[in-house]
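Student: Just need the structure, nothing else, for what follows:
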Amino acid sequence: MKLIILDRDGVINEDSPDYIKSVDEWHPIPGSLEAIALLNQFGYTVAVATNQSGLARGFYDETTLNAIHDKMRLSAKTVGGHIDSIFYCPHGPNDHCDCRKPKPGLLQQIAAHYQISLTTVPYVGDSYRDLDAANRAGAVPILVLTGNGHKALSVDSAFDFAHFDNLLAFAKTLKNS
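Tutor: Modelled structure (predicted):
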């Protein structure tokens, strides 16, 4: 199985410092849905791993989050893409859970779900927190410069990672893998 894990906000859709709190606030980053379709064409199963502390903060409920994810899946489908699974951390930053990135728990849940080692699995994110989670989980950290990507480049990292302008630019590099 060829698996790829994507962060949501800032990688697939536009991010907001005020959170994505409704279906109407969810807008795909240009090219991201086409990137998902391309990844599928290349034989990749696409999983999403996303922190959603807006749940813990009371900004939206699980019904709204599910509706946002339904819109994301349907939007990908309209261009020939498929998102196989979505894993999210519903906790706030002070909840001390194991699944809130940069902790590796969310990625470990995905590994267990697919019964796969993450050693060759790319995790594409737009923040240093995403890269750190990938590194801790043993996945391959990939940075896109959409969302908060430029800020993440300024962090002095203890590990190596590749970076790309956006998800579509990264997806195109996987054509022959």
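Student: Secondary structure class of the closest residue to L167 other than its chain neighbours, three-state.
Tutor: With CB to CB, 6 or more residues apart in numbering as the criterion, L167 has its nearest non-adjacent residue at 4.1 Å, and that residue is A35. Heads up, the C-betas are built off the backbone N, CA and C, glycines and all. Classification of A35 using DSSP: H, G, I helix; E, B strand; the rest coil returns helix.
Student: My read is that A35 contacts L168, right?
Tutor: Yes - using CB atoms under 8 Å, A35 and L168 qualify as a contacting pair, with a distance of 4.1 Å.
Student: And these two? Which one has more around it.
Tutor: A35 (29 against 21; other CB atoms under 10 Å).
Student: name the element the closest residue to F42 other than its chain neighbours belongs to?
Tutor: Using CB to CB, 6+ apart and skipping residues adjacent in sequence, the residue nearest F42 is L174, 5.4 Å away. When secondary structure is defined using DSSP states H and E, no element contains L174, which sits outside every helix and strand.
Student: swap in T50?
Tutor: With the criterion set as DSSP H and E, the secondary-structure element containing T50 is strand 44-51.
Student: who touches that strand?
Tutor: When contacts are taken as CB atoms under 8 Å, 6 or more residues apart in numbering, the neighbours of strand 44-51 outside the stretch itself are 1-9, 12, 36, 39-40, 72, 81-89, 100-101, 106-107, 110, 113-114, 123, 129, 133, 174.
Student: To what extent is F59 buried, counted in neighbours?
Tutor: For F59, the neighbour count with other CB under 10 Å is 15.
Student: what about it, is that helix, strand or coil?
Tutor: For F59, the reduced secondary structure class is coil; criterion used: three-state DSSP.
Student: Who are the contact partners of it?
Tutor: For F59, the contact set (CB under 8 Å, 6+ apart) comprises 19, 21.
Student: Check the gap between it and T45 for me.
Tutor: 30 Å (CB to CB, to the nearest Å).
Student: Same check on S85?
Tutor: Taking CB to CB as the measure, S85 falls 8 Å from T45.
Student: related to what we said a few turns ago, ok now do the residue nearest to F42, which residues does it touch?
Tutor: 4, 39, 42, 44.
Student: got the phi/psi numbers for it?
Tutor: Summarising the backbone geometry of L174 under the convention degrees, to the nearest 10, its torsions are phi -90, psi 10.
Student: For the remainder of this discussion, apply numbering that starts at 765.
Tutor: Let's use 765 as the start, then, which means that last one is L938.
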